[in-house]
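Peer 1: model the following, please.
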Amino acid sequence: MTIQTAYKSDNAKKKALGIYEETLTQWPVSYESRLVETTFGETYVIISGAKEAKPLVLLHGGGGNSTMWLDNISTLSKHFRVHAVDIIGEAGKSAGTRPVKITEYSTWLKEVLDALNISNIALCGASLGGALAHQFALTFPQYVDSLILLAPPSLLKMRLGFIFRGLFANVLPTTLFARNFLKYISSKGKEFPEQFIQAFVTQVKSYKLNTMRIPIISNDELVNLPARTLLFLGEDEVLYDAKRVAARVKSVAPHITVRTISAAKHMVSIDQSDLVNEKIISFSS
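Peer 2: Residues are numbered from 1 along each chain as shown. I've put the predicted structure just below:
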């Protein structure tokens with residue numbers, strides 16, 4: 001069962017997708033776009049890289065879209081056939097239908113991969129995308145050769161400060177608040193250009209917050225993640241205590257490779273894009 005909640009109105013959607021198209025002009029490599037049909041609605045995918053290369057599937061963070069990978073795509077597409085997927089029900093070009101349960105996202109993603117005719121993938125998810133990625137890997141392990149998780153919110157209880165700031169960012173989407181929120185979640189927050197700030201404001205004003213509960217992954221589930229699983233944590237993560245997360249994962253599932261990245265907060269793939277790119281390539285190629 002799904003509900004239409006991604007955008008506040010048709011006009012809001014039009015504004016947000018206008019910003020999306022403007023941002024996509026900055027995609028630094030050639031790409032093709034696909035709209036694939038699923039039982040949850042159309043899903044938009046940006047594809048870059050050689051057709052014969054290993055498939056890498058990217059899932060962005062909550063409230064965002066595939067343009068979050070602008071700092072990563074140029075390097076990653078030299079080594080992979082990259083499929084950047086707009087998560088259904090989020091602030092992208094996929095349908096606004098939003099699954100009620102996190103498990104439904106796995107069914108949706110399987111349908112996307114089947115429509116693209118890919119399997120044996122490297123699957124990489126950031127924040128919400130990371131939670132969806134490890135859920136998919138547990139549900140359909142036959143599709144996933146390697147799993148890369150960028151600070152998923154499902155590893156430890158989130159700090160109240162992060163939750164409140166996120167809520168306020170959606171209730172008060174002003175330029176000042178957006179700038180401060182981005183500084184809070186990214187070590188490069190002070191460097192974001194005004195165009196990025198205004199795009200963020202427009203996106204937040206247009207989008208209905210996804211309030212789906214994200215369960216904490218159990219110890220048994222951690223143990224059953226793929227043998228080739230890589231977890232990135234920002235040393236200055238604000239979502240939760242990165243040291244506690246690293247200790248938990250290493251203790252429960254020592255097969256998981258944990259990389260704590262210095263000078264990085266929650267937006268680790270943006271804060272330290274070169275290092276993250278390098279580690280993904282060496283781990284999953």
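
Peer 1: please make it C-alpha for all contacts and neighbour counts, starting now.
Peer 2: Will do.

Peer 1: so which helix or strand takes in L123?
Peer 2: Here L123, judged by DSSP states H and E, is contained in strand 121-126.

Peer 1: what's the offset of that strand from the middle of its chain?
Peer 2: In terms of Cα atoms, centre = their mean, to the nearest Å, the centre of strand 121-126 is set 9 Å apart from its chain centre.

Peer 1: listing partners with orientation, what would you give for that strand?
Peer 2: strand 54-59 (parallel), strand 144-150 (parallel) (DSSP bridges).

Peer 1: right, and the helix or strand after the last one?
Peer 2: Using DSSP H and E, the helix or strand that directly follows strand 144-150 along the chain is helix 160-171.

Peer 1: do I have it right that K78 meets K51?
Peer 2: No: in this structure K78 lies outside contact range of K51 using Cα atoms under 8 Å: 11.1 Å.

Peer 1: now the most centrally placed residue in the chain: how far from H255?
Peer 2: Most central in the chain under Cα atoms, centre = their mean is H60, positioned 2.2 Å from the mean C-alpha point. Relative to H255, H60 is positioned 25 Å away (criterion: Cα to Cα, to the nearest Å).

Peer 1: likewise for G189?
Peer 2: 33 Å.

Peer 1: same check, this time on S106
Peer 2: Relative to H255, and taking Cα to Cα, S106 is found at 23 Å.

Peer 1: what do you get for V223?
Peer 2: For V223 relative to H255 (Cα to Cα), the value is 8 Å.

Peer 1: neighbour-wise, which of the two wins?
Peer 2: H255 (18 against 15; other Cα atoms under 10 Å).

Peer 1: grab the nearest non-local neighbour of that one.
Peer 2: Nearest residue to H255, sequence neighbours excluded (Cα to Cα, 6 or more residues apart in numbering): A227, at 6.2 Å.

Peer 1: so the one you found lies in a strand, does it not?
Peer 2: No: with DSSP: H, G, I helix; E, B strand; the rest coil as the criterion, A227 is coil rather than part of a strand.

Peer 1: what's the helix or strand hosting E21 in contact with?
Peer 2: Using DSSP H and E, E21 falls within helix 10-24. With Cα atoms under 8 Å, 6 or more residues apart in numbering as the test, helix 10-24 has contacts from 7, 67, 91-93, 199, 202-203, 205-207.

Peer 1: can you find the helix or strand in this protein with the smallest mean pLDDT?
Peer 2: strand 2-4 (a mean of 70; mean pLDDT, DSSP states H and E).

Peer 1: how distant is stretch 52-61 from the center of its chain?
Peer 2: 11 Å.

Peer 1: from start to finish, how long is that stretch in a straight line?
Peer 2: 28 Å.

Peer 1: and it, which residues are buried?
Peer 2: Buried residues in stretch 52-61, defined by neighbour count with 16 or more other Cα atoms under 10 Å: 54-61.

Peer 1: looking at those residues, which is nearest I163?
Peer 2: The shortest approach to I163 among these belongs to G61, at 14.9 Å (Cα to Cα).

Peer 1: part of a helix, is that closest one?
Peer 2: No: residue state for G61 (three-state DSSP) corresponds to coil; a helix is not indicated.
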